[in-house]
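A.B. asks: sequence unknown, structure follows:
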Ligand SMILES: CCCCCCCCCCCCC/C=C/[C@@H](O)[C@H](COP(=O)(O)O)NC(=O)CCCCCCCCCCCCCCC
Ligand SMILES: Nc1ncnc2c1ncn2[C@@H]1O[C@H](COP(=O)(O)OP(=O)(O)O)[C@@H](O)[C@H]1O
Ligand SMILES: [Ca+2]
């Protein structure tokens, strides 16, 4: 076939207005040509548009019978554009709305002749083919019972049409039981034919997918994932999240909104965002991975209570949250942690993790230089030891490790607003025993501009590893209860007058799943997985960048 030019510029009709339409490798732009003027100047004005080629979803030719060709969809041609020129093509592209929402927009250009029309369509298609980071084939898992049980409908009505419009092929599996997606990913024969995995559901569904993928990757390269000291190998396949769960914090904190269409468009344009993963062990045996919240005390108790109220849907967390707040349990134990050493950023600075985050890039680079030392540089394990373990014993209302901000609709700034998605650290938040009123002040600050860490009973540390040992360690608990039962219970009952029952330990909430052990060892693995996301965009800045003189 004849090679198409990379640069095109033509006068075409857009809704019966003459437009100068320009395409190069980076941009598609169009602007009105004022009546009676032969040339136009290059400055953009209001009403002029340009779209990065990387954000074009698809292009299709419209034939003279006013029906679309190419992708097999039939559609009426817009009335206004059916005027003077009989040939037309439609470009679908990403349009930014408010609050990080993306929509698929369309523009139809009419051409004076068929050859020119085809040349435009072919050239745009060729530009799109050069975008190698876009997925062509996806494996999709739908949890039909996540959130408000709308996963299947959301996928079929909002996402599948976009994927087919973008010529992405899919294999779709509606899960039949918990861990279906995880186990399928571990064993499915030909995973290499896919460019990514998509989960439709909440944080629990995403957790299944990372467990399956991480496990499979380590098996393939012969790494023992159950060993706490192993360097885990990053997963190649990117993961997309179509939010259809109860909290959707991983989607919200990586995209800026929990909106299925926005997420589908980030998948289509082939975005990539690396993400840290914590491994959680108990006495050296592997328990689970976590990417968002590991919470003991308050968030552990909320989860434990809310699991019994699944029928309430997402509202279960508010009911259990209120109940847990009133109960006001605290738990004794010892937290020891290895502070992040030699890294940019602190949990209380105001530097938020945003698209193209410099802190994440810098810290990952520091770590990988340590991992592959050259010219006498120290090995990472030596460098880690340069930081000193710190130990804090106390009575805690909550112990939270936030590996990302954990922003979600309940708290748009999240549990740790300055935590980073991919910097190899987690923010360890310790809420010491305090009055209900003080704890309420702390909780309320998650929903306002005030600093939730600026309270005497709250401390926060950016760490690479941490351990927690409850005062009444599981292995000793039986013995404790036998020997000191009376004393122990009287102590507990006095400390927990509201609950009426003795709760010795809390449980860990690990991305919404309950852990079976209270004593855990946690280690952050920098950038172990990748998402079809780009991090939260700072501002809709494309107006500034869109200068046709750069075209
Ligand atoms: C008084 C208002 C206080 C608002 C405080 C909001 C803090 C919210 C931080 C949420 C961090 C969420 C981290 C993500 C966890 C998810 O991985 C995980 C699983 O998600 P999935 O079900 O989609 O699979 N989700 C969760 O564990 C849910 C945690 C939600 C906690 C909500 C707590 C609500 C607290 C309400 C307290 C009410 C006190 C009222 C006093 C008068
Ligand atoms: N078909 C299924 N039946 C029952 N449970 C499932 C199914 N598919 C996935 N799950 C489990 O449902 C739990 C919640 O899923 P999730 O998608 O996170 O929804 P939610 O946000 O409402 O908690 C997860 O633990 C997941 O493993
Ligand atoms: Ca992190």
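C.D. replies: Looks like it came in fine. As the structure is a computational prediction, the values presented were derived from the model and not from experiment. Ligands and ions are numbered 1, 2, ... in the order given.
A.B. asks: So residue 398 versus ligand 1, what's the distance?
C.D. replies: With distances defined as Cβ to the nearest ligand atom, to the nearest Å, the gap from residue 398 to ligand 1 amounts to 11 Å. The way it works is simple: take the backbone N, C-alpha and C, and place the C-beta from them, glycine included.
A.B. asks: What helix or strand is that residue located in?
C.D. replies: According to DSSP states H and E, residue 398 maps onto strand 390-402.
A.B. asks: List the buried residues in that strand.
C.D. replies: By neighbour count, and taking 16 or more other Cβ atoms under 10 Å as the criterion, the buried residues in strand 390-402 are 392, 394, 396-402.
A.B. asks: That one and ligand 3 in contact?
C.D. replies: No. Using Cβ under 5 Å from the ion, strand 390-402 never reaches ligand 3; the gap is at least 8.1 Å.
A.B. asks: for residue 336, what are its contacts?
C.D. replies: By Cβ atoms under 8 Å, 6 or more residues apart in numbering, the contact set of residue 336 is 389-392, 466-467.
A.B. asks: So it lies in a strand, does it not?
C.D. replies: Yes. Judged by DSSP: H, G, I helix; E, B strand; the rest coil, residue 336 forms part of a strand.
A.B. asks: Can you check the pLDDT for it?
C.D. replies: Confidence at residue 336, expressed as pLDDT, is 98.
A.B. asks: what bridges to it?
C.D. replies: Beta bridges link residue 336 to residue 391, residue 467, judged by DSSP bridges.
A.B. asks: And the residue of this protein closest to ligand 3?
C.D. replies: Closest contact between the chain and ligand 3, by Cβ to the ion, is at residue 276 (4.1 Å).
A.B. asks: how deep is that residue tucked in, by neighbour count?
C.D. replies: 25 (other Cβ atoms under 10 Å).
A.B. asks: likewise residue 414?
C.D. replies: 24.
A.B. asks: I figured it hits residue 403, correct?
C.D. replies: No. Under the contact definition of Cβ atoms under 8 Å, residue 414 does not touch residue 403, with a separation of 11.2 Å.
A.B. asks: Before we move on, what's the pLDDT of residue 26?
C.D. replies: Reading off the per-residue confidence, residue 26 sits at a pLDDT of 93.
A.B. asks: how's the protein carved up into domains?
C.D. replies: Following automatic domain parsing, one finds the domains of the chain at 6-131, 133-276+523-542, 293-510.
A.B. asks: Out of the contacts of residue 336, the closest to ligand 2 would be?
C.D. replies: Within the contacts of residue 336, distances to ligand 2 taken as Cβ to the nearest ligand atom reach their minimum at residue 466, with 24.5 Å.
A.B. asks: Quick check: closest non-adjacent residue to residue 455.
C.D. replies: Taking Cβ to Cβ, 6 or more residues apart in numbering as the measure, residue 455 lies nearest to residue 442, with 5.7 Å between them; neighbours along the chain are not counted.
A.B. asks: How many residues are close by the nearest residue to residue 339 once chain neighbours are set aside?
C.D. replies: For residue 339, ignoring the flanking residues on the chain, the nearest one in space by Cβ to Cβ, 6+ apart is residue 387 at 5.2 Å. The burial metric for residue 387, expressed as a neighbour count using other Cβ under 10 Å, is 17.
A.B. asks: burial count for the spatially closest residue to residue 328 that is not a sequence neighbour?
C.D. replies: Distances taken as Cβ to Cβ, 6+ apart place residue 436 nearest to residue 328, at 5.4 Å, with adjacent residues excluded. Here the neighbour count serves as a burial measure; for residue 436 (other Cβ under 10 Å) it reads 13.
A.B. asks: OK, contacts around residue 436?
C.D. replies: Contact criterion Cβ under 8 Å, 6+ apart gives 325-326, 328 as the residues in contact with residue 436.
A.B. asks: what about it, distance to ligand 2?
C.D. replies: Computed with Cβ to the nearest ligand atom, the distance linking residue 436 and ligand 2 is 28 Å.
A.B. asks: So for that residue, what's the pLDDT?
C.D. replies: What the model reports for residue 436 is a pLDDT of 98.
A.B. asks: again with residue 15
C.D. replies: For residue 15, the predicted pLDDT is 89.
A.B. asks: As a check, name the ranges of all helices in the stretch 251-400 of the chain.
C.D. replies: Applying DSSP state H, counting those that start in this stretch to the stretch 251-400 of the chain gives helices spanning 260-268, 298-307, 316-327, 358-371, 380-386.
A.B. asks: Residues of this protein that sit close to ligand 1?
C.D. replies: 202-204, 245-249, 292-293, 299, 302-303, 317-318, 321-322, 325, 406, 408, 410-411, 415, 440, 443-444, 446-447, 509, 511-512 (Cβ under 6 Å from any ligand atom).
A.B. asks: remind me which residues of this protein are low pLDDT?
C.D. replies: Counting by pLDDT under 70, the chain contains low-confidence ranges at 1-5, 35-47, 64-84, 371-386, 474-503, 539-551.
A.B. asks: Tell me which residue in it sits closest to ligand 2.
C.D. replies: residue 202 (2.1 Å).
A.B. asks: Identify the residues contacting that residue.
C.D. replies: Under the criterion of Cβ under 8 Å, 6+ apart, the neighbours of residue 202 are 143, 146-147, 243-248, 512.
A.B. asks: List just the nearest of these to residue 531.
C.D. replies: Ranking the contacts of residue 202 by separation from residue 531, with Cβ to Cβ as the measure, puts residue 243 on top at 12.5 Å.
A.B. asks: and that closest one, how many neighbours?
C.D. replies: Residues near residue 243, counting by other Cβ under 10 Å: 30.
A.B. asks: Offset the numbering so it begins at 327, please.
C.D. replies: OK, 327 is where the count begins now, so the last one is residue 569.
A.B. asks: residues making contact with the one helix or strand residue 448 maps to?
C.D. replies: Secondary structure here is read from DSSP H and E; on that basis residue 448 sits in helix 440-455. Applying Cβ under 8 Å, 6+ apart, the set of residues contacting helix 440-455 from outside is 330-332, 334, 336, 338, 347, 349, 351, 354, 379, 382, 384-387, 396, 413-415, 417, 435, 437, 460.
A.B. asks: which one of the buried residues of strand 716-728 is nearest residue 688?
C.D. replies: residue 728 (19.9 Å).
A.B. asks: right, and that closest one touches residue 618 too?
C.D. replies: Yes. Between residue 728 and residue 618 there is a contact at 7.1 Å, judged by Cβ under 8 Å.
A.B. asks: Now tabulate the contacts of residue 662 in a markdown table and tack on distance to residue 582.
C.D. replies: Written out in a markdown table, the entries for these read as follows (distance: Cβ to Cβ, whole Å):
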| residue | distance to residue 582 |
| --- | --- |
| 715 | 36 |
| 716 | 34 |
| 717 | 38 |
| 718 | 34 |
| 792 | 29 |
| 793 | 34 |
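A.B. asks: State the distance from residue 342 to residue 388.
C.D. replies: Going from residue 342 to residue 388 by Cβ to Cβ, to the nearest Å gives 15 Å.
A.B. asks: my bad, residue 496
C.D. replies: 26 Å.
A.B. asks: Those two: who's more crowded?
C.D. replies: The residue with the greater number of neighbours, taking residue 496 and residue 388 and applying other Cβ under 10 Å, is residue 388; the counts read 26 against 16.
A.B. asks: from memory that one sits against residue 416, does it?
C.D. replies: Yes. Counting by Cβ under 8 Å, a contact exists between residue 388 and residue 416, whose distance comes to 6.1 Å.
A.B. asks: Report how many residues lie close to the residue nearest to residue 834 when sequence neighbours are not counted.
C.D. replies: Leaving out its chain neighbours, the residue that sits closest to residue 834 by Cβ to Cβ, 6+ apart is residue 841, at 3.9 Å. Residue neighbour count, defined by other Cβ under 10 Å, stands at 19 for residue 841.
A.B. asks: sec struct for residue 336, please.
C.D. replies: Secondary structure of residue 336, per three-state DSSP, is strand.
A.B. asks: Right, I'll leave it there.
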